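[1] With the sequence up front, the predicted model follows.
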Amino acid sequence: MDRLYCPLTNPTHNCMFRMTVYQLRKILAAGAIALAAFAVTGTAQAQSSGPYVSGALGVTQPSDWDITGGTVNTKQESDPGFAGAIALGTTFSDNWRAEGELSYSNANVDSFSGTNGSGETSMFGLMFNGLYDFKTNSRWTPYIGAGIGAAVIKASDLSPVGGSRISKSDQVFAYQGIAGVNYKIDDQLGLFTEYRYVGTADRDLRTDSGIAVESDSGEHRIMVGLRWSFGAPKPMPKPEPQPVPVQAPAPKPMAAPAPAPEAPRNYLVFFDWDKADLTADAQAIIKAAATNAKTMTVTRIETTGHADRSGTDAYNLRLSKRRAEAVMGELARLGIPAREIVVRWKGEREPLVQTPDGAREPQNRRVEIILSK
């Protein structure tokens, strides 16, 4: 790893500041490359998943720092501070997400081993996170995740530390664990809150008096933010299907009247989303089927229920059963003997229109009525 060295004969605060800027520039350069890669990946997969950006603010509670080395052995305690983060990522399956994240936190020092202290600490981090969403078929989506990366931790005017002070920064390996929940406001915007634990490797610091020390680091963060998905296309709305009236053809002039066509033997009854109630249009179609069943040669009537893919398999199977039973009940009310009606239900397994999992499709929310000879 390249390092920027300052002359040992003049270990000034200005030299230490140049080291911090140099390290920050390296982190920012790596972050820009990583975020650009995420953006390209997300755009290429936009039609099936889509990229997103997010921003969050919150509070952080740094863990106690154990500062040891030479004649120094003290414990630093800090007050709660603030934290912020921005991320660019992509959803590449129904559950998995990947993102690059830049974060910053800052907190004031409270004490050193019980003695009043002064100074502040800050952390600038670049993380690469993987997250897993738990689908609930509702607007709420819990998720967990983890990330690894690098952090620049800066100690500013920490005192008293072994009769001296510390003003130095160090670049170290960093990691974090994430647990949160997202609320879907609409198809593109979500509001989330989450807990994070951010940890780092030990930092190498030095007091103004020249004593080399080490300290560990960790932070507990509570964040609230917004996530905006901007790549996935919005589905085009489809009109609700309307029943087609059956009309007898007009007789041809100067010709014997053609025999009336046989009434249809297949009927489709459509339902509202997540409903098994019969609409007025559905009742009209069932009445037509019952009327024709009484005037035709019919040995059996089949009613088969279906559902779209917006729910779980088990839930859609039960929903399609309720729909088929609702149609059977209406046929029986119109005078069709129950023994002549066969009820089946398929759930989401035989869609009329192919859709991705989770999509609401009106033409798949149906019951098929077949009048068998």
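    Nice, thanks for sending it over.

[2] what about the stretch 1-150 of the chain, any weak spots by pLDDT?
    For the stretch 1-150 of the chain, the stretches with pLDDT under 70 are 1-49.

[3] now the helices for the protein?
    With DSSP state H as the criterion, the chain has helices at 13-44, 280-295, 313-333.

[4] can you count the residues close to the residue nearest to N182 when sequence neighbours are not counted?
    In space, and not counting its chain neighbours, N182 is closest to F192: 4.2 Å by CB to CB, 6 or more residues apart in numbering. The way it works is simple: take the backbone N, C-alpha and C, and place the C-beta from them, glycine included. By other CB atoms under 10 Å, 18 other residues sit near F192.

[5] how about F192, what does it touch?
    54, 56, 180-183, 224-227 (CB atoms under 8 Å, 6 or more residues apart in numbering).

[6] Show me these that map onto strands.
    Among those, the members found in strands (DSSP state E) are 54, 56, 180-183, 224-227.

[7] Tell me where the model's unsure across the stretch 251-373 of the chain.
    255-263.

[8] pLDDT of stretch 165-181, averaged?
    Along stretch 165-181, the predicted confidence averages to a pLDDT of 91.

[9] returning to what we had before: which of the contacts of F192 tops the neighbour count?
    Highest neighbour count within these: A56, with 23 neighbours (other CB under 10 Å).

[10] about what we covered before: need the contacts of F192 in TSV with distance to L331, can you?
    Below are the contacts of F192 laid out as TSV (distance: CB to CB, whole Å):
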residue	distance to L331
S54	52
A56	56
G180	50
V181	45
N182	44
Y183	43
V224	54
G225	53
L226	51
R227	48
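
[11] Looking at these, which one is closest to V367?
    Using CB to CB, Y183 is the member of the contacts of F192 that sits closest to V367, with 34.2 Å.

[12] ok, for that closest one, nearest residue in space, not its chain neighbours?
    L191 (4.8 Å).

[13] pretty sure that neighbour contacts V181?
    No: between L191 and V181 there is no contact under CB atoms under 8 Å: 9.6 Å.

[14] Not counting its own residues, what contacts stretch 336-344?
    With contact meaning CB under 8 Å, 6+ apart, stretch 336-344 is reached by 290, 293-294, 298-305, 321, 324-325, 328, 331-332.

[15] what about the residue most central in space within the chain, distance to K184?
    Closest residue to the average C-alpha location of the chain: D133 at 5.5 Å, with CA atoms, centre = their mean. Distance, D133 to K184, by CB to CB, to the nearest Å: 11 Å.

[16] list the residues that contact both of those two?
    Listed as contacting both D133 and K184 by CB under 8 Å, 6+ apart are T141.

[17] Tell me how many other residues surround F270.
    Counted with other CB under 10 Å, F270 comes out at 21.

[18] Now do the contacts for it.
    240-241, 279, 281-282, 362-363, 365-366.

[19] hmm, back to that, the residue nearest to N182 pairs with what?
    Beta-bridge pairing of F192 under DSSP bridges involves N182, G225.

[20] Could you report the distance from it to M223?
    For F192 relative to M223 (CB to CB), the value is 8 Å.

[21] any residues in contact with both of these two?
    56, 180.

[22] pretty sure the residue nearest to the centre of the chain contacts R97?
    Yes: the criterion here is CB under 8 Å, and D133 meets it with R97 at 6.7 Å.

[23] And the ones in strands among the contacts of F192, which is closest to A87?
    Of all the ones in strands among the contacts of F192, the one with the least separation from A87 (CB to CB) is S54, at 4.8 Å.

[24] Which residues are in contact with the nearest residue to that closest one once chain neighbours are set aside?
    Once flanking residues are discounted, S54 sits nearest to R227: 4.1 Å by CB to CB, 6+ apart. By CB under 8 Å, 6+ apart, the contact list for R227 reads 52-54, 182, 189-192.

[25] Need those in CSV (columns: distance to T68).
    Compiled in CSV, the contacts of R227 are given as follows (distance: CB to CB, whole Å):
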residue, distance to T68
Y52, 43
V53, 41
S54, 38
N182, 41
L189, 48
G190, 44
L191, 43
F192, 38
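
[26] Could you measure from the closest residue to I369 other than its chain neighbours over to E302?
    Of all residues beyond its chain neighbours, the one nearest I369 is Y267 (4.1 Å), with distances taken as CB to CB, 6+ apart. As defined by CB to CB, Y267 lies at a distance of 11 Å from E302.

[27] Looking at these two, which is more packed in?
    Per other CB under 10 Å, whichever of Y267 and E302 has more neighbours is Y267, with 21 against 15.

[28] What residue in the protein is the furthest from its centre?
    M254 (69.1 Å).

[29] what's the closest non-adjacent residue to P351?
    Excluding the flanking residues, the one nearest P351 by CB to CB, 6+ apart is N364, at 4.5 Å.

[30] show me the contacts for that neighbour.
    306-309, 348, 351-353, 355.

[31] My understanding was that A288 contacts Y267; is that so?
    Yes: assessed by CB under 8 Å, A288 is found in contact with Y267 at 7.0 Å.

[32] Return every residue with contacts to both of those two.
    By CB under 8 Å, 6+ apart, no residue touches both A288 and Y267.

[33] Identify the contacts common to Y267 and E302.
    In contact with both Y267 and E302: 368-369, using CB under 8 Å, 6+ apart.

[34] what sits against G81?
    For G81, the contact set (CB under 8 Å, 6+ apart) comprises 59-62, 105-108.

[35] how far away is it from Q61?
    Computed as CB to CB, the G81 to Q61 distance reads 8 Å.
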